[in-house]
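In: Requesting a structural model of the entry that follows:
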Amino acid sequence: LFLDELPEFKRTVLEVLRQPLEDRVVTISRSKFSVDFPAGFMLIASMNPCPCGYYNHPEKDCVCAPGVVQRYLNKISGPLLDRIDLHVEVTPVAFDELSGNNEVENSENIRQKVIAARCIQIQRCAMPNANLQSQELKKHATLGPQCQSILKTAMERLKLSARSYDRIIRVARTIADLDASPQIQSQHIAEAINYRSLDRENWSG
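Out: Numbers count the residues shown, from 1 in each chain. Next up, the predicted model:
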């Protein structure tokens, strides 16, 4: 499910996504009955940082009036953000980078890495990491002392929720799988924390 311009949807509509994102089930309740339908889907959403699109831009100034940016960001609630594994900020690419001849990893190599990582996950616990719950994470995604220290610091500084804690570990386990690493290393947990950018300042909705 791809939602473009996420804050333009009504907040009540977005909040309905919380249950299927968490439980992979949609419950339809009526006066005489209630029915559960399977809803295992991947949510991808995009948005601008503000109505004009230039908030935090490295070269252009935001022209939004005071308070407008915060109201815009607050359309996306914290509980909904908690249920999204990856928050990726896409920054503008300079002309020199666009026109340069920098070598990048091709899609086929990336595809093979993803296939290999998924095979590791199925062999380890008969399901992809995305389906692991808290108890399963404790068994299959244990953290060493250094990783625990890094995560504790992030939890305290960013005031992350318990749900974010589980999602960071789940993403770190996947990053480790992509590296074919049996254990989650400090660089894996640090990268996973970096993908929680919307848990930081200006996201208090």
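
In: What is the least confident helix or strand in the protein?
Out: The helix or strand with the lowest mean pLDDT-type score in the chain, counting by mean pLDDT, DSSP states H and E, is helix 95-99 (a mean of 78).

In: next helix or strand past that one?
Out: helix 107-125 (DSSP states H and E).

In: could you give the mean pLDDT of the helix or strand following that next one?
Out: Toward the C-terminal end, the helix or strand that comes next after helix 107-125 (DSSP H and E) is helix 134-140. Throughout helix 134-140, pLDDT has a mean value of 89.

In: Pull the residues that contact the one helix or strand residue 176 maps to.
Out: Following DSSP H and E, one finds residue 176 within helix 162-178. With contact meaning Cβ atoms under 8 Å, 6 or more residues apart in numbering, helix 162-178 is reached by 82-83, 85-86, 113-114, 117, 120-121, 129-130, 132, 134, 137, 140-141, 143, 147, 151, 154-155, 160, 182-185, 188-189, 191-193, 195-196, 199. Glycine gets a C-beta too; all of them are placed from N, C-alpha and C.

In: Excluding chain neighbours, give the residue nearest to the residue positioned nearest the centre of the chain in space.
Out: By Cα atoms, centre = their mean, the chain has its centre lying nearest to residue 86, at 1.7 Å. In space, and not counting its chain neighbours, residue 86 is closest to residue 195: 4.7 Å by Cβ to Cβ, 6 or more residues apart in numbering.

In: I'd say that neighbour and residue 85 touch.
Out: Yes. If you go by Cβ atoms under 8 Å, residue 195 and residue 85 touch, sitting 7.5 Å apart.

In: so what's residue 127 up against?
Out: Per Cβ under 8 Å, 6+ apart, neighbours of residue 127: residue 121.

In: Distance check, it against residue 48.
Out: Distance check for residue 127 against residue 48: by Cβ to Cβ, to the nearest Å, it reads 35 Å.

In: tell me the phi and psi of the residue in the chain sticking out farthest from the centre?
Out: Relative to the C-alpha centroid of the chain, counting by Cα atoms, centre = their mean, residue 32 is the outermost residue, at 37.3 Å. Residue 32 adopts backbone torsions of phi -110, psi -10, taken as degrees, to the nearest 10.

In: about what we covered before: what does the pLDDT read for the residue nearest to the centre of the chain?
Out: pLDDT at residue 86 comes out at 92.

In: ok, residue 80 - how many residues close by?
Out: Burial of residue 80 is recorded as 20 neighbouring residues (other Cβ atoms under 10 Å).
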